[in-house]
Structures are given as C-alpha cells and as structure tokens.
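*Asks:* Pasting the sequence and the predicted coordinates here, then a few questions.
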There are 2 protein chains.
Amino acid sequence: MSSPSLPVITAFERSPDRGKGLARDMRVRWALEEVGQAYEVRLVSFGAMKDPAHRALHPFGQIPTYEEGTLALFESGAIVLHIAECHAGLLPDDAHARARAIAWIFAALNTIEPPILELQTVRFQESDKAWYEQRLPIVEDRIRVRLGELSDRLGDADWLDGAFSAGDLMMVAVLLRLKAAGLLDEYPNLPAYVARGEARPAYQRAFAAQLAVFTNSLSRE
Amino acid sequence: MSSPSLPVITAFERSPDRGKGLARDMRVRWALEEVGQAYEVRLVSFGAMKDPAHRALHPFGQIPTYEEGTLALFESGAIVLHIAECHAGLLPDDAHARARAIAWIFAALNTIEPPILELQTVRFQESDKAWYEQRLPIVEDRIRVRLGELSDRLGDADWLDGAFSAGDLMMVAVLLRLKAAGLLDEYPNLPAYVARGEARPAYQRAFAAQLAVFTNSLSRE
C-alpha cells in the first residue's frame, strides 16, 4: 500500500552484488534509518534503468533516485546530504563542524571512491586483457595511497571528526566496497572503523532491507 | 598585506597545467568571484603539500584548502558548496531547486569527473606501458557514455536546471579538463555550455588570477 507522504527511493530489482549491500541505494537506506524516516522502495530492472521514464529521474540511468512530493533527486551524495539537512542526527548543529562533516561526504565520493571504482572496473571489465596482471597492482597501489592518508587522519578516533555524521556514513559505505579485496586490512584502524559503522542498528536495518529484496528476487524465480 | 577578515585558499605555487586553469583552486576562485567575496591565496610547493603542516589542513595533501577564521575545509566540492550556502548567487532560493543544484555538484564530481581523471591517469602514468594504445580508446569510450547522457539532459538549455548555479560551475570546471582531448566536440551543446561558463565575468577574473600566479612563477626563475 502506497502512502503519498513517504519518500520513494529506487533500487536494483536484482542487485548485482547479490545482497552484499554495496549498491548505492544502501547509503540512502542507511541515512533514512539513521534519522528514523520511513520510506518506500521502487525496484528497477537493468533494462528499465536506461528507459526514458527512469532517465527523467536519473540522467545517467542509475540507482538510487529519491522522490519526495514534487522533489526528485539523483546522486547518492546529494540524497544523503538532503536527508541529513532535513532531519536531525546526521550533521552537527555547529556550523563549522557541519561544513567539515559535509567535506567528508565529498572526500568519500571524490577522493576515496574513484580509485576503488577503478579497481572494480579492472576486475570486471579488463580481466580478460593481456595487461590485467600487470595493471592490477598499479591500481591497488593508488588505493593504498589514499587508505594510508585516511588511516593517518582517523588515528585512534572512532569517527572522522567528532560524533558519527553523514561523512562517516558515506566513508564507511565507500570503504565497504574494498572489504573483499583485503586492502583494508593493511590499515588496522580502517576495518575497525568500518565495523563500527556496520554495528549501528540503522545500518543493520538498512542492510536487512536490501538483502530481503535480493532474497525475494531469488524466490520469485 | 594580510587581512584577518578574508578567507584564505591554497593553490599550487607552480601549477602543473601552466596556468590553463584546470587545477582545483580555479573552482573555488570562480565561486568566490561569482558571489563577490574577496580572498587571499597562499601558494604551496609540491614538496610542502605533503608536509604535516599542510596535511593538517588537507588529509590527502592536495590543494585547494579554505580557511575562514577558525573554519578549515578541504575538497573543492565542499568548499564551493560552503561558499554557495554562505552567499547569495550560486544556489536557488527555492528549496527543491536548491537540492537539485547540489545534486549537479555531486554529479559533476562523482559521475562525470572520475572517468575524466582516469583518462588523465592513462595519459600521464601509463603512456610508456605496452597496453597504452589499446586501453586509451576504452577509457575514452567510458567518458563518451557520460558525455552523451549529459548532452541529452542539457538539450538546448543554457544551464542544467534553470538559472546558472554552483552545479553548473562545477560541471563546467570538470568538463574543461576534457577540452584538449577533443571529446567534448562530439556533443555540440557541451562546448557551447562550457563556453557560456567561460564567458562569465567571474570566471574570467578567476582565470586571470590563477594565470598571474603561473606567470609570476616564471618571472621569478
């Protein structure tokens, strides 16, 4: 039953990571759970994602999108920031601390995530190329540079700048994409940081919700 | 003469693009010029950029940084958004239009810029590799996918969503990185869009200021 008052997000009808929570709807679900905002999910197939109807919501034909009344947003960073601005709990009240938390959202998406995505591209799109074995360690080393810097800044703190914020949410979500690659484990404070994020009840509710979508997609087969 | 009331940004002492305006301080200069905020620039050498003093401002040892009283920020997206939030002129008053303009900042940085940076990495770090000639067109095609989608969304509009906003500022700044590669010209509305950005008086003042830094660095030799 649809309620006109709830925001609606889109997610993969069948997540390519088989419910591991690495698709970008997970960031938005997590943010909504942190602030206690109920939401609805509209599932989109790979084919429908490139249709004009979905492109009208997301110019680049991806998920997630976010609809709230007449507002339609795309880009997980923009959606998480919007949720954080409209609800208490994800950004500090102090104006300076708030600006710094937003800087960490951008750092997660524009400094940490690009080399991680490059590694995924190497693995999934270049694994049959002659250069694969030689290029893989080059890309991994680019990630190591950023992880080392992030690890240095985090030090023995629980979160990047004071209390947990939308900046930590986005950074943990991005770092989770590296979990399987083993690179995180070279910087012991980073897996512990990610684990603190995963231990949050809001993360766990969001994870369970996206996993249920995948499990249901299997049972429909 | 230093004025304690002006924000201070950092920029390359000697820009690697030789004053072409592609370094990320240009985005921040442009935003400051758009809103009419005077600023000071502290130049940083390549060596000093990795020193602890600069790392305290920028965990990843890059430029630009932004200091305003006791506030210190990094990440060009976060700095431009902060400037846009503190001054009129770069974000619409309407809350929905404002959220959509911010979505375009994220789209520029997280969807359009990553494949462009990958192209730069190929060109500057892999040009001596055996795979260079084969890999270059693969990376260019990844950029073309995004440019085609962006071109479709822009259509015959002047700007991405209504009036010029911080989202356009960031998108133009990112697309400028492609100018020399010729890829933009395959989508006629995109060079025209970039040219509209470059024609803005605020852009021109910012460009002249960063070029003067490079010219001065030559005259000091």
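*Replies:* The structure has been received and is ready for your questions.
*Asks:* gap between A:S219 and chain B?
*Replies:* For A:S219, the distance to chain B equals 33 Å [C-beta to the nearest C-beta, to the nearest Å]. C-betas here are computed from N, CA, C, even on glycine.
*Asks:* tell me the contacts of that residue?
*Replies:* Going by C-beta atoms under 8 Å, 6 or more residues apart in numbering or on different chains, A:S219 touches no other residue.
*Asks:* Report pLDDT for it.
*Replies:* pLDDT for A:S219: 82.
*Asks:* quick one: the helices in chain A?
*Replies:* A:25-35, A:46-49, A:52-57, A:76-86, A:95-107, A:113-125, A:132-154, A:166-176, A:189-198, A:201-219 (DSSP state H).
*Asks:* looking at those, which is closest to A:P16?
*Replies:* The minimum distance between A:P16 and the helices of chain A falls on helix A:46-49, with 8.5 Å, by C-beta to C-beta.
*Asks:* Would the closest one count as contacting chain B?
*Replies:* No: judged by C-beta under 8 Å from any C-beta of the partner chain, helix A:46-49 stays clear of chain B, getting no closer than 11.9 Å.
*Asks:* what about A:L91, neighbour count?
*Replies:* 21 (other C-beta atoms under 10 Å in any protein chain shown).
*Asks:* Over to the one 3 residues further on?
*Replies:* Using other C-beta under 10 Å as the criterion, A:D94 is surrounded by 11 other residues.
*Asks:* Looking at the helices of chain A, which is nearest to B:P137?
*Replies:* Using C-beta to C-beta, the helices of chain A put helix A:113-125 closest to B:P137, at 13.3 Å.
*Asks:* chain center to that closest one: distance?
*Replies:* Remark: helix A:113-125 is offset 15 Å from the chain centroid, using C-alpha atoms, centre = their mean, to the nearest Å.
*Asks:* who does that helix touch, helix- and strand-wise?
*Replies:* helix A:132-154, helix B:113-125 (3 or more C-beta pairs under 8 Å, 6 or more residues apart in numbering or on different chains; DSSP states H and E).
*Asks:* hang on, the earlier thing: can you list the helices of chain A in a markdown table and add distance to B:E40?
*Replies:* Formatted as a markdown table, the helices of chain A follow (distance: least, C-beta to C-beta, whole Å):
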| stretch | distance to B:E40 |
| --- | --- |
| helix A:25-35 | 36 |
| helix A:46-49 | 47 |
| helix A:52-57 | 42 |
| helix A:76-86 | 29 |
| helix A:95-107 | 19 |
| helix A:113-125 | 30 |
| helix A:132-154 | 26 |
| helix A:166-176 | 27 |
| helix A:189-198 | 35 |
| helix A:201-219 | 42 |
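*Asks:* for A:T70, phi and psi?
*Replies:* Dihedral pair for A:T70: phi -90, psi 0, per degrees, to the nearest 10.
*Asks:* closest one to A:L90 among the helices and strands packed on helix A:113-125?
*Replies:* helix A:132-154 (18.8 Å).
*Asks:* hmm, who's touching the closest one?
*Replies:* Contacts of helix A:132-154 (C-beta under 8 Å, 6+ apart): A:111-112, A:115-116, A:118-119, A:122-123, A:126, A:160, A:171, A:178, A:181, A:183-184, A:186-187, A:189-190, A:193, B:55, B:59-61, B:121, B:125-126, B:129, B:131.
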